[in-house]
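1. Predicted coordinates and the sequence they were generated for:
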Amino acid sequence: MFRLQEWTTIEVPEFDALPADVVMRAQNLAPREIFPMHTHGWNQLVYATDGTLVVTVADAWYVITPEQAIWVPTGVPHTTGALHGAAFRNLYVADVPGLDMPATCTVLSVSPLMRALIIELEAAGTRAESADYTGTLNALIRAQLQRLRVQDFHLPWPRSPQLHHLCETLLSEPADSRSADAWAQSLGWSSRTLLRRFESEVGLTLRAWRHRLRVFLAVEWLCAGRNVTDIALDLGYASTSAFSYMFRLEMGCTPSEWRRR
């Protein structure tokens, strides 16, 4: 799904086994650095205390901010990259009895307590802490994992080459205003065939997918510090107010409020 020529691939650190039920791995990612598709023999909480991450799992694309994390179950192929650099603070979590976490890739809302526990676990690794203390941190993290709120915030991706091309084009040019009829004609299909196949492969209508794409790109560009007016125009909105209205409906606040928060 990623246009890999625009990214720098970096190596996935190798672990033979986890030394504890919860293991912190901290790494700072430069802009457009990405891990290749890989799997783990344990669960993973993909998180960054600073910066925006993009994660792909199967046919879905996820953009997450420091307010969110992604739970990736054991053995699920995935990639992780940083759009504009990120303080990647990843948790590896063993499949222990009573873990009670989702069996599929899931976006979670990170609570202030969970964020603080992750930061403290990283700091504890640099100090000569007792096994009892780190064990307590691990137990608290496992308990908090089960309390994190689930979010439906991902962008599914089609499988067929024709629809893949359509989505790649809209990703590159989100202001593209071509209608379904125009897209169908360019693909040699009828409009009805295009809309039916798109919804069948993606689970969203073409219109809903384009709307969600713009939300994802808005989050990416806001994290990069871009001007709100420029974002609105590049996404194809006629005015900043129209863009801000859409963003507030989706995210619960204006673009400027979201960036400050």
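-> Ah, there it is.

2. Give me the packing partners of the longest strand seen in the chain, helices and strands only.
-> The residue-count maximum for a strand in the chain (DSSP state E) belongs to strand 78-93. Judged by 3 or more CB pairs under 8 Å, 6 or more residues apart in numbering; DSSP states H and E, the packing partners of strand 78-93 are strand 22-29, strand 33-34, strand 43-46, strand 48-57, helix 112-124, helix 131-145, helix 206-223. Any C-beta I mention is one placed from the backbone N, CA and C, and that applies to glycine too.

3. for the ones you listed, which one sits closest to residue 231?
-> helix 206-223 (4.9 Å; CB to CB).

4. partners of residue 70 in the sheet?
-> Applying DSSP bridges to residue 70 gives these bridge partners: residue 46, residue 107.

5. I'd guessed it sits against residue 61; true?
-> No. Look at residue 70 against residue 61 with CB atoms under 8 Å: they stay out of range, at 11.2 Å.

6. what is in contact with those two at once?
-> residue 55 (CB atoms under 8 Å, 6 or more residues apart in numbering).

7. Convert the C-alpha atoms of the longest strand of the chain to CSV, please.
-> The C-alpha trace of strand 78-93 is given here as CSV (Å, rounded to 0.1, in the frame of the first residue of the first chain):
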residue,chain,number,x,y,z
HIS,A,78,2.2,-5.6,9.6
THR,A,79,4.4,-2.6,8.8
THR,A,80,5.0,0.6,10.8
GLY,A,81,6.4,3.9,9.6
ALA,A,82,6.8,7.5,10.8
LEU,A,83,5.4,10.2,8.6
HIS,A,84,7.4,13.1,10.1
GLY,A,85,9.6,11.4,12.7
ALA,A,86,8.3,9.8,15.9
ALA,A,87,9.4,8.7,19.4
PHE,A,88,8.4,5.1,18.8
ARG,A,89,7.6,3.5,22.2
ASN,A,90,6.6,0.0,21.4
LEU,A,91,5.3,-2.7,23.9
TYR,A,92,5.7,-6.4,23.2
VAL,A,93,3.1,-8.4,25.2
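
8. Out of the helices and strands packed on strand 78-93, which is closest to residue 85?
-> Taking these one by one with CB to CB, strand 48-57 is closest: 5.3 Å.

9. following that closest one, which helix or strand comes up?
-> Sequence order places strand 60-64 as the next helix or strand after strand 48-57, per DSSP states H and E.

10. chain center to that following strand: distance?
-> Centroid separation for strand 60-64 versus its chain: 3 Å, with CA atoms, centre = their mean, to the nearest Å.

11. before we move on, what about stretch 108-126?
-> In terms of CA atoms, centre = their mean, the centre of stretch 108-126 is set 19 Å apart from its chain centre.

12. In PDB, list the C-alpha atoms belonging to it.
-> C-alpha atoms of stretch 108-126 as PDB (Å, rounded to 0.1, in the frame of the first residue of the first chain):
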ATOM      1  CA  LEU A 108      -7.200   1.900  21.000                       C
ATOM      2  CA  SER A 109      -7.500   5.300  22.700                       C
ATOM      3  CA  VAL A 110      -4.400   5.800  25.000                       C
ATOM      4  CA  SER A 111      -5.400   7.100  28.400                       C
ATOM      5  CA  PRO A 112      -3.100   9.500  30.300                       C
ATOM      6  CA  LEU A 113      -2.400   6.800  32.800                       C
ATOM      7  CA  MET A 114      -1.300   4.300  30.100                       C
ATOM      8  CA  ARG A 115       0.900   6.900  28.500                       C
ATOM      9  CA  ALA A 116       2.500   7.600  31.900                       C
ATOM     10  CA  LEU A 117       3.100   3.900  32.500                       C
ATOM     11  CA  ILE A 118       4.800   3.500  29.200                       C
ATOM     12  CA  ILE A 119       7.100   6.400  29.800                       C
ATOM     13  CA  GLU A 120       7.900   5.200  33.300                       C
ATOM     14  CA  LEU A 121       8.600   1.600  32.000                       C
ATOM     15  CA  GLU A 122      11.100   3.100  29.500                       C
ATOM     16  CA  ALA A 123      12.700   5.200  32.300                       C
ATOM     17  CA  ALA A 124      12.900   2.200  34.600                       C
ATOM     18  CA  GLY A 125      14.900   0.400  32.000                       C
ATOM     19  CA  THR A 126      17.700   3.000  32.400                       C
END
